[in-house]
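Colleague: okay, here's the prediction I keep looking at, along with the sequence it came from:
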Amino acid sequence: MTFVDPPMLERSRTWPQRLLMSVNALLLLGGLFGAGGLGYFYLNLGKLGRLDLSINDSRLPDEPMNILLVGSDSRAFVDNEGEAEAFGTTAGPPKSDTIMLVRVDAKAATATMLSFPRDLWVKVADLNRFDRINVAFNSASQDPAAGAQRLIKTIQQNFGIPVHHYAQIDFAGFKSLVDAIGGVEFFFPAPVRDWDYHPADGGRARSMTGLEILTTGCVHLDGAQALGYVRSRHFQTQIDGRWQIDPSGDFGRIDRQQNFIRRVAKEALSKGLTDPRKLNSLVKVAAKNVNVDEGFAFNDMVAIGKQFRSLSPDAIRQLQLPADSARKGRASVVEITNRAAADQIFDIFRGVDPSAPKVYGPADVRVRVLNGSRRAGEALSTSQALVKVGFAVTDTGNGASTKVTTIRYGSGQLAKAEVLNRYLATPAVLREDVNLTVDAVLTTGTDFSGILPTPRAPDAAPPTTAPPAPGPTAAPVRPGGGASTTVPATTTTTIPEC
């Protein structure tokens, strides 16, 4: 089932969507706290791992809740040679394998999920540098609480999204979840395997994750087999007696994960709450494998449970950012390609009413400052002045020499450019540039005369606009700003039920 409201932008082929473990962290929480499991779980609540995090949850009791879910790639569950070959050894600290925000709105009976690519290019909190988003967690991986805290701050500072609670699960949690519900019946229309050449075996081909299903139809998968299926990167299907590599790459992997997520959800929520033995197993899985913030109260968990008891897993909205691969020096990263479309998604998690007129302040504007006047140190001094009045300056540098100060703004970011312009002592020329990855780029000209401590009134400085920056991707300016955007739909393969 596919949801396209709000926009679900085309997936990038260069980074896999790693939804699975985080979704199951939510299922562990949601499935356990429904009616019938409350009393038992309350007795075991103290066994949940707790992280001492600084989180400001100032919501009213019935307001929506944002939960940051992190899937860790810890391989502590590996206890035999076969699992070590398939999933790796236990060496090294755990790192973030999945980063996802889940917004639970009990009043509206909705749940929305947004996954962040691990390689998403952001300004990492506390480190004062740009890097991949998973660096926020991994840079403090010896201290789980410190890594979680830095990741929370990074998301808040880059996207303006409040995080109300935090939950974390690892490979062992997913594997144990599937085993706790007695495995999952999954339909295979043809034999499948995860198969590639492994250097450690002298180039001999073998299963990379242990996945090898040679029968067709409904097959019962245990936890280890399920983990091998959803983590498969070398997926092959036997067609007419010949093994063929899945040509869809990451798209196919995402579809397999999403179909399996829904199947596990149905099993966990239908069986787990009616079978006392399975409920007992699920409680133990949660207590052993899920870590949450200290402030994640029992009442909040109960609210999630009530939400998920009545919510079909097929109805959970899964959103993706408009992003694609990019290069930063020698590093391969992922960048947001359409900030306006991304903001429509972020607004859901910010709690912004889409029908209300948007009012922006300096803190909402991410700006790059370039020196085009050739006056020494002007980019740095201007950036410092902008930060002082509240703007989020991403970086500074030298621009092309110019007499006239300009503000280039990204697609749909005219209103933010106007906010910036009202702080300039001499108004700038505004020009749309759909290629920007920040909200605005301020290039000082020889006419630049500084930053005002307080802004002019909106009608005191009508913007001087220029045609969009030349190039094949320049988009037409519409009244009120914003380039017309075509949002491709996302399709998901439907797997027959067993």
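Modeller: Good, I have the coordinates. Numbering: from 1, shown residues only.
Colleague: count of neighbours near the residue nearest to I245 when sequence neighbours are not counted?
Modeller: Sequence neighbours aside, Q236 is the residue nearest to I245 in space, at 5.5 Å (criterion: CB to CB, 6 or more residues apart in numbering). In this view, the C-beta of every residue, glycine as well, is placed from N, C-alpha and C. Residue crowding around Q236 was assessed by other CB atoms under 10 Å; the count is 21.
Colleague: which stretches of the protein form helices?
Modeller: Taking DSSP state H as the criterion, the chain contains helices spanning 20-32, 38-44, 81-87, 134-138, 144-159, 171-180, 223-230, 250-271, 276-289, 298-309, 339-350, 378-388, 414-421.
Colleague: verify the contact between A379 and L386 for me.
Modeller: No: in this structure, A379 is not within contact of L386 by CB atoms under 8 Å, at 10.5 Å.
Colleague: the more surrounded of those two?
Modeller: A direct count of neighbours by other CB under 10 Å for A379 and L386 places A379 higher, at 24 against 21.
Colleague: quick one, what contacts the more buried one?
Modeller: By CB atoms under 8 Å, 6 or more residues apart in numbering, the contact set of A379 is V369, L370, N371, T396, G397, N398, T444.
Colleague: could you name every residue contacting both of A379 and L386?
Modeller: Common neighbours of A379 and L386, counting by CB under 8 Å, 6+ apart, are V369.
Colleague: mind listing what Q156 touches?
Modeller: Counting by CB under 8 Å, 6+ apart, Q156 has contacts A125, P162, V163.
Colleague: who touches the closest residue to the first one other than its chain neighbours in this structure?
Modeller: Leaving aside its chain neighbours, A125 sits nearest to K153 (3.6 Å; criterion: CB to CB, 6+ apart). In this structure, K153 makes contact with A125, D126, A136, judged by CB under 8 Å, 6+ apart.
Colleague: just T406 next, same as before
Modeller: T406 sits next to G372, A428, V429, L430, R431, L442, T443, G445, A466 when contact means CB under 8 Å, 6+ apart.
Colleague: where does the stretch 351-498 of the chain have low pLDDT?
Modeller: Segments of the stretch 351-498 of the chain classed as low confidence (criterion: pLDDT under 70) are 459-495.
Colleague: what bridges to the closest residue to D395 other than its chain neighbours?
Modeller: Using CB to CB, 6+ apart and skipping residues adjacent in sequence, the residue nearest D395 is R368, 5.6 Å away. On the basis of DSSP bridges, R368 is bridged to D395, V441.
Colleague: so where's the stretch 201-350 of the chain uncertain?
Modeller: Applying pLDDT under 70 to the stretch 201-350 of the chain picks out residues 201-204, 248-255, 257-258, 261-262, 265, 268-276, 279, 302-315.
Colleague: let's see 80
Modeller: Counting by pLDDT under 80, the stretch 201-350 of the chain contains low-confidence ranges at 201-208, 231, 233, 247-289, 297-316, 318.
Colleague: confirm for me that Q236 is in contact with S207.
Modeller: No: when contacts are counted by CB under 8 Å, Q236 is not listed as touching S207 (9.9 Å).
Colleague: anything in contact with each of those two?
Modeller: R193, D194, W195.
Colleague: from those, which is closest to R277?
Modeller: D194 (31.7 Å; CB to CB).
Colleague: my read: the closest one touches T209, true?
Modeller: Yes: with contact defined as CB under 8 Å, D194 counts as touching T209 (4.6 Å).
Colleague: which neighbours do the two share?
Modeller: The contact lists of D194 and T209 share G228, Y229, S232, R233, where a contact means CB under 8 Å, 6+ apart.
Colleague: report the buried members of those residues.
Modeller: Among these, those classed as buried by 16 or more other CB atoms under 10 Å are G228, Y229, S232.
Colleague: distance to R350 for the residues you listed - can I get that in a markdown table?
Modeller: As requested, the buried ones among the shared contacts of D194 and T209 are arranged in a markdown table below (distance: CB to CB, whole Å):
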| residue | distance to R350 |
| --- | --- |
| G228 | 38 |
| Y229 | 36 |
| S232 | 36 |
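Colleague: for these, which one is nearest G217?
Modeller: For the buried ones among the shared contacts of D194 and T209, the minimum distance to G217 (CB to CB) is 15.4 Å, reached by Y229.
Colleague: pull the contacting residues for that closest one.
Modeller: By CB under 8 Å, 6+ apart, Y229 lies in contact with F186, V192, D194, T209, L211, I213, L221, R256, F260.
Colleague: quickly list what the third one is bridged to.
Modeller: Okay, so that is D194. Where D194 sits in a bridge, its partners, by DSSP bridges, are F235.
Colleague: can you give me the pLDDT of A108?
Modeller: pLDDT, A108: 76.
Colleague: from the shared contacts of Q236 and S207, which is closest to D62?
Modeller: The nearest member of those to D62, counting by CB to CB, is D194 at 45.3 Å.
Colleague: which residues does that closest one contact?
Modeller: When contacts are counted by CB under 8 Å, 6+ apart, D194 touches 207-212, 228-229, 232-236.
Colleague: ok, which pair from these is furthest apart?
Modeller: Applying CB to CB across those, the maximum distance is between E212 and R233, 14.8 Å.
Colleague: if we can go back for a sec, ChimeraX command to pick out the buried ones of the contacts of K153?
Modeller: In ChimeraX syntax, the buried subset of those is picked out as below (16+ other CB under 10 Å):
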select :125,136
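Colleague: of the contacts of T406, which belong to strands?
Modeller: The members of the contacts of T406 that map onto strands under DSSP state E are V429, L430, R431, L442, T443.
Colleague: how about JSON lines for the contacts of Q156, with pLDDT and distance to A111 added?
Modeller: Output for the contacts of Q156, formatted as JSON lines (pLDDT from 0 to 100; distance: CB to CB, whole Å):
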{"residue": "A125", "pLDDT": "92", "distance to A111": "27"}
{"residue": "P162", "pLDDT": "94", "distance to A111": "17"}
{"residue": "V163", "pLDDT": "95", "distance to A111": "16"}
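Colleague: what is the nearest of the residues you listed to R422?
Modeller: For the contacts of Q156, the nearest to R422 is P162 (26.8 Å; CB to CB).
Colleague: I'd assumed N56 was in contact with the closest one.
Modeller: Yes: the pair P162 and N56 passes the contact test of CB under 8 Å, sitting 7.4 Å apart.
Colleague: who has more neighbours out of these two?
Modeller: Looking at P162 and N56 with other CB under 10 Å, you find the greater number of neighbours at P162, namely 17 against 10.
Colleague: relative to N421, how far out is that one?
Modeller: Using CB to CB, to the nearest Å, P162 is found at 28 Å from N421.
Colleague: no more questions from me, cheers.
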